[in-house]
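[1] predicted model, plus sequence, below.
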2 protein chains.
Amino acid sequence: MKSYGQYCALARGLDVIGDRWTLLIVRELLVGPRRYSELREGLPGIATNLLAERLRDLEEHGVVARDAEGTYQLTEWGQELSAPVHALARWAAPLMATPQGDDTFRSTWLALPVAVIFNGIDKRRPRLTIEIRSNDAAVTIESRNGAVWVEPGPATSPDLVITGPPDGIVGLLMGALSETSAAEQGVTIGGDLHRLARLRGG
Amino acid sequence: MKSYGQYCALARGLDVIGDRWTLLIVRELLVGPRRYSELREGLPGIATNLLAERLRDLEEHGVVARDAEGTYQLTEWGQELSAPVHALARWAAPLMATPQGDDTFRSTWLALPVAVIFNGIDKRRPRLTIEIRSNDAAVTIESRNGAVWVEPGPATSPDLVITGPPDGIVGLLMGALSETSAAEQGVTIGGDLHRLARLRGG
DNA sequence: CTGCATCCGGGCCGATACTG
DNA sequence: CAGTATCGGCCCGGATGCAG
């Protein structure tokens, strides 16, 4: 991208991550190291040449590093993008109220709202395992030692299983939807939903 | 901009503020309401049609509102962009270490690093008035009641006057430069610099 | 099959000219 | 002062090719 040519931290930051698709690539890598094909899978709609070019730019700028096997991961500095990414997601949370419509969805994207909703460590949070079954592959929300995070794949013995469309699931996680209104959106819950509310400190 | 078409808060947020120049327009409006010509002045390099189009988009999305006299200002939701903007500026702070070079600078841009460095309210901070004289118009850094912010224009009776190039001034504000190394960059200080350090809690 | 590079049509960006 | 109109060029998006 052409530089803004401004001696300003925001402008210089945008010179690095302001390109189209760039921050979404960072979102994918914040979940963990990813192969090229996994990145494509998590970024529906991106052109393959764009993904390659962005990764090259991010590597040059010191945000992304690739190891010998061709796996991409964030550098230490790149990891620190979690703060602005979470802040932007939090700001944009009201936009999630309008339904999914034709928008695509990948269940690994739940890592972002989960990180925003259950951020930090709270020792009072109970241990809990939730399996999420939505459009594509199942993912697991784990609560251990006060921290909450998302892992790809189903759970071995979940305390709670939530099945349904993405907007209903996100509404439930945020606490914006009641169990009955979520059910109207097609969400099925296996287990006691109050255990989820307790993760938010409810 | 074309929507990413993803049911993800980050993607939907970028659909609103991900366009080129958009977040820099928000930076200008975070300082306070601005006229069209003032925005142009604070965004060197932007094309006038782009500025008009971005303002229209931001207004449609409910980020910006314009009053009867044609003054633009952020809505309540738009104001909340201060969090992601500050987070991005904080992340990009290391990029400010490379010198200004040919980059343009406006002294009102100091409002952003000042907000990042002296964020929040700290009652132990002393009352202080600093006048900054850099490339263009003078600005004033005010510390009152534990809060620190930037006002356009010179101060009436400053406790401290700092004159010099932008990179030297920003380095001094962050505490990354000593008084002597700042002086080597052409920074002149009128008054006792230790009073500035005390604002940071030093 | 993975991990890109190349090519091309269309849309967005950048600069200038112009208008109420 | 506050934009609109216009136009060349670059970037984006989608399809395809191809080397390891």
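    Looks like it came in fine.

[2] can you pull the domain assignment for chain A?
    According to automatic domain parsing, chain A comprises the domains A:9-80, A:83-200.

[3] for these, give me a markdown table that also has distance to DNA strand C and mean pLDDT.
    Using the backbone N, CA and C atoms, a C-beta is placed for each residue, glycine as well. Shown next, in a markdown table, are the domains of chain A (distance: least, CB to the nearest atom of the strand, whole Å; pLDDT from 0 to 100):
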| stretch | distance to DNA strand C | mean pLDDT |
| --- | --- | --- |
| domain A:9-80 | 3 | 96 |
| domain A:83-200 | 15 | 95 |
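
[4] now the ones you listed as JSON lines including mean neighbour count?
    Converted to JSON lines, the domains of chain A look like this (neighbours: other CB atoms under 10 Å in any protein chain shown):
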{"stretch": "domain A:9-80", "mean neighbour count": "17"}
{"stretch": "domain A:83-200", "mean neighbour count": "17"}
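
[5] any idea which of those domains gets closest to B:Leu51?
    Nearest of the domains of chain A to B:Leu51, taken as CB to CB: domain A:9-80 at 15.3 Å.

[6] can you tell me if the closest one touches chain B.
    Yes: residues of domain A:9-80 are located near chain B by CB under 8 Å from any CB of the partner chain, namely A:9-18, A:20, A:23-24, A:27, A:44-45, A:77, A:80.

[7] let me see the ranges of the helices in chain A.
    Using DSSP state H, the helices of chain A run over A:9-17, A:22-31, A:36-42, A:48-60, A:76-79, A:82-91, A:111-117, A:166-174, A:179-184, A:194-199.

[8] Serialize the ones you listed to a markdown table and add fields for distance to B:Ala93.
    As requested, the helices of chain A are exported to a markdown table (distance: least, CB to CB, whole Å):
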| stretch | distance to B:Ala93 |
| --- | --- |
| helix A:9-17 | 6 |
| helix A:22-31 | 17 |
| helix A:36-42 | 28 |
| helix A:48-60 | 18 |
| helix A:76-79 | 11 |
| helix A:82-91 | 12 |
| helix A:111-117 | 22 |
| helix A:166-174 | 31 |
| helix A:179-184 | 42 |
| helix A:194-199 | 33 |
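
[9] right, and these - which one's nearest DNA strand D?
    Closest approach to DNA strand D among the helices of chain A (CB to the nearest atom of the strand): helix A:48-60, 4.8 Å.

[10] what does stretch A:183-198 rub up against?
    By CB atoms under 8 Å, 6 or more residues apart in numbering or on different chains, the surrounding residues in contact with stretch A:183-198 are A:125-126, A:128, A:130, A:158-165, A:167-169, A:171-173, A:175, A:177, A:179, A:182.

[11] what's the end-to-end length of it?
    Across stretch A:183-198, the terminal residues are separated by 20 Å (CA to CA, to the nearest Å).
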